[in-house]
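Peer 1: I would like the atomic coordinates for the input below:
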Amino acid sequence: MKKKLIKFLIFVFFVVVLIYGYAYFIGTKGLIVKEIKITNKNIPNYFHGLKIAHISDVHYGRIINDKNIETIVKKINLLKPDIVVITGDLLDRDRELSEENKKTLIENLNKIEVTIGKYAIAGNHDYVYGINQWEKIIEESNFINLNDTYDLVYNNGTTPILINGMSSNLQNKTTINEKLKEVQKILKEEKNKPIYNIMIMHEPDYIEKFEYEQFDLILAGHSHNGQIKIPLIGAIVTPVGAKKYYDEYYNLGKTDLYISSGLGTSGYDIRLFNKPSFNFYRITNK
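Peer 2: Modelled structure (predicted):
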């Protein structure tokens, strides 16, 4: 009986080592582009076919290095996006970047080509790493810092699309009401309202802290969709801030919530049945 137990434990040990090895050496490699069509009949023809690339949870300096970011940028540019958004955790709290690393990151982010604009908000790791350093990298990369503010996007028409950004609610202790104070003025106007409202944020569970129905599309990150996933079961562990909403997509009435599975890793440098990826949306009216 004791010999059988020992053999079983040895077997379990080797299975665990094998799975960990796969998650570390293979699961973290490669790049998947998840192409998604979003249809909304309110989109006018001058926004029909709008293309948005959604990057999240890079955690630069872990599995995403200088070579990886160059590959990611090339893949994005091949898709010719109109808009690129980063929904937090560009940096990682456990990885101190050298000035050379920062320079390379900025150079690569600058190479992202768009027809309309590049936007970013800060995640919890960005705040812990150093929000001032994050802001500097975002600014020098020609991204618009959309933390707790908005932008009105025009595209050969008279009525805009609104893109609002919300910074991390785990680290930035400004209240959500305060964060949304300015955009509420636009959303509650009776005239000249945007035709389509987009929110980019980091931790998806916080959508229940505000009137998310005001937004047609919400793009988030943080959960990685579960960095470790088991077939038929799904995510094994998700972080605080993504306990209820962590999967790839949720239909919330008139609101579409998409959560990126992310490009990097957090905590442990493993990804199981969840390859690094970014989302690519085509917004149409039919």
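
Peer 1: Could you name the helices and strands sitting against the one helix or strand residue 51 maps to?
Peer 2: Applying DSSP states H and E as the criterion places residue 51 in strand 50-55. Here strand 50-55 touches helix 66-78, strand 83-87, strand 277-284, going by 3 or more Cβ pairs under 8 Å, 6 or more residues apart in numbering; DSSP states H and E. Heads up, the C-betas are built off the backbone N, CA and C, glycines and all.

Peer 1: What residues does the nearest residue to residue 154 once chain neighbours are set aside make contact with?
Peer 2: Counting by Cβ to Cβ, 6 or more residues apart in numbering, residue 154 lies nearest to residue 160, which is 5.0 Å off, once chain neighbours are set aside. The contact partners of residue 160, taken as Cβ atoms under 8 Å, 6 or more residues apart in numbering, are 152-154, 194-195.

Peer 1: Of these, which is the nearest to residue 126?
Peer 2: Nearest to residue 126, judged by Cβ to Cβ, of the contacts of residue 160 is residue 153 at 23.6 Å.

Peer 1: State the phi and psi torsions of that closest one.
Peer 2: Residue 153 adopts backbone torsions of phi -110, psi 120, taken as degrees, to the nearest 10.

Peer 1: Repeat that for residue 128.
Peer 2: phi -70, psi -40.

Peer 1: The closest residue to it other than its chain neighbours and residue 261, how far apart?
Peer 2: Leaving aside its chain neighbours, residue 128 sits nearest to residue 93 (3.8 Å; criterion: Cβ to Cβ, 6+ apart). Here the criterion is Cβ to Cβ, to the nearest Å. By it, residue 93 lies 20 Å from residue 261.

Peer 1: which one of these two has more residues nearby?
Peer 2: Neighbour comparison, residue 93 and residue 261: the larger count goes to residue 261, with 26 against 17 (by other Cβ atoms under 10 Å).

Peer 1: Hmm, residue 169 is touching residue 178, no?
Peer 2: No - checked against Cβ atoms under 8 Å, the pair residue 169 and residue 178 is beyond contact range at 11.5 Å.

Peer 1: number of nearby residues for residue 144?
Peer 2: Neighbours around residue 144, by other Cβ under 10 Å: 16.

Peer 1: Now do the contacts for it.
Peer 2: Per Cβ under 8 Å, 6+ apart, neighbours of residue 144: 117-120, 151.

Peer 1: of all the residues you listed, which comes closest to residue 137?
Peer 2: The nearest member of these to residue 137, counting by Cβ to Cβ, is residue 120 at 9.2 Å.

Peer 1: what lines up beside the helix or strand where the closest one lies in the sheet?
Peer 2: Using DSSP H and E, residue 120 sits within strand 117-121. Using DSSP bridges, strand 117-121 pairs in its sheet with strand 83-87 (parallel), strand 144-145 (parallel).

Peer 1: still on that earlier bit, tell me the most buried of the helices and strands packed on strand 50-55?
Peer 2: strand 83-87 (a mean of 28; mean count of other Cβ atoms under 10 Å).

Peer 1: Show the average pLDDT along whichever helix or strand comes after it.
Peer 2: Sequence-wise, the next helix or strand downstream of strand 83-87 (DSSP H and E) is helix 99-110. On average, the pLDDT along helix 99-110 is 96.

Peer 1: for helix 99-110, which positions count as buried?
Peer 2: For helix 99-110, burial by neighbour count (16 or more other Cβ atoms under 10 Å) applies to 102, 104-106, 108-109.

Peer 1: got the residue ranges for the strands in the stretch 151-286 of the chain?
Peer 2: 161-165, 196-200, 217-220, 229-230, 234-235, 249-252, 255-259, 277-284 (DSSP state E, counting those that start in this stretch).
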